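Enquirer: have a look at this prediction, sequence included:
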Amino acid sequence: MTKQVRSRRTSKALRTQFKSKRGAPVGNRNAVLALPWDSGFDLSDSEGIRRFLEEVVKAVWEGRLGTRAAGSLNGSLRLLFELCTLPQLEERVAELEKVKKGI
């Protein structure tokens, strides 16, 4: 029983400290930080995705982009990069299989 009481007291103290029942402390501006879209970003090839990812990393480091947005962009960029590089990898595997059969 004392463990539950301590746990309740601790959580109540934290809620009072942050004035929020869940999530980030009141006044946290991390979630509203966004990276403006530059028309020069080209996400149609792996090189463009790589350049955009560099910009995302810089923006997070400099505090211009929130961590939630960065996490979301990271997942999306990973998928885009995989989609761009997959056909090239498939071609390379096919070439290697041809060479292997020829030996």
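Expert: Received it, and whenever you're ready, just let me know what you need. Owing to the predicted nature of the structure, the values given are computational and were not obtained by experimental measurement.
Enquirer: count of residues packed around residue 65?
Expert: Neighbours of residue 65 under the rule other C-beta atoms under 10 Å: 20. (Each C-beta comes from the backbone N, C-alpha and C, glycine too.)
Enquirer: what are the phi and psi angles of it?
Expert: When read as degrees, to the nearest 10, the backbone of residue 65 gives phi -130, psi 130.
Enquirer: can you read off the pLDDT for residue 61?
Expert: Residue 61 carries a pLDDT value of 90.
Enquirer: please report the distance of it from residue 72.
Expert: In this view, residue 61 and residue 72 are 17 Å apart by C-beta to C-beta, to the nearest Å.
Enquirer: biggest helix in this protein, by residue count?
Expert: Across the chain, the longest stretch assigned as helix under DSSP state H is helix 67-102.
Enquirer: can you mark which positions in that helix are buried?
Expert: Judged by neighbour count using 16 or more other C-beta atoms under 10 Å, the buried positions of helix 67-102 are 69, 70, 73, 77, 80, 81, 84.
Enquirer: please tell me how far the second one sits from residue 62.
Expert: Spatial separation of residue 70 from residue 62 under the definition C-beta to C-beta is 12 Å.
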